[in-house]
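Novice: Predicted model and sequence below, questions to follow.
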Amino acid sequence: MSFLPREFYARDTVIVAKGLLGKKLVRKIGNKKISGIITETEAYRHKDDPASHAFRKKTERNRAMFEEVGRAYIYFTYGMYFCFNVVARNSKAEAGAVLIRAIHPEKGIEVMKENRKKDELKSLTDGPAKIAQAFDINKKQYGVDLTCNSELFITEGIGKRKIISSPRIGISAATENLWNFKITL
DNA sequence: CTTGGGATGGTCT
DNA sequence: GACCATCCCAAGG
């Protein structure tokens, strides 16, 4: 298993968002292992992106977006859900992160179903908060390093696919930026 | 299949 | 005090 090096994440957030498609997200909980292939991502940048959490200023909530690349930025939303992002930006930006929106489950599908309290495979990990549920991701993983072997990390996955670009989902600002990216397997 | 509303609370203005 | 980078279920076609 080969980890993605820190430099992978030290590029423009939009490039990294595309680059993460097809990569593998792995979660280890005790002796259980959950993994899947990333199939949909969204880029959120800094001062040039009114839809980004980092657009206004650094706060306690979004501080991970300003800190070391290749780590997890996790936020709580709608009073009940967590969403998982990967911190990524080049040296020109002060903040940036990639939201992981969809994953194709590989290992640990039964554990995911338990975590989600749902049985349907099709809707197991096809949304950001669903991924957090299935992979048991919450505030405890805030800031964890994804470039090395730990409870949560990213490795090489499958080969390149055709990338489809769309407007990002659930935002009202900067909809002209086609920063939602997805692949089909 | 699509649509609409409710759940539920941290964060920022 | 309003706003969410959401999800689920029930009701209607």
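Specialist: Yes, it's here. Numbers count the residues shown, from 1 in each chain, chains lettered A, B, ... in the order given.
Novice: any idea which helix or strand carries A:A72?
Specialist: strand A:72-77 (DSSP states H and E).
Novice: Would you map the helices across chain A?
Specialist: A:6-9, A:13-19, A:109-116, A:128-134 (DSSP state H).
Novice: of all of chain A, which residue lies closest to DNA strand B?
Specialist: A:G79 (2.5 Å; C-beta to the nearest atom of the strand). C-beta here means a position set from N, CA and C on the backbone, and glycine is covered the same way.
Novice: So what's the residue count around A:F181?
Specialist: If you count neighbours by other C-beta atoms under 10 Å, A:F181 ends up with 24.
Novice: Settle this for me: it is touching A:A17, isn't it.
Specialist: Yes: using C-beta atoms under 8 Å, A:F181 is in contact with A:A17, at 5.5 Å.
Novice: between the two, what contacts are shared?
Specialist: Listed as contacting both A:F181 and A:A17 by C-beta atoms under 8 Å, 6 or more residues apart in numbering are A:41-43.
Novice: Counting neighbours, what do you get for A:T41?
Specialist: A:T41: 27 neighbours (other C-beta under 10 Å).
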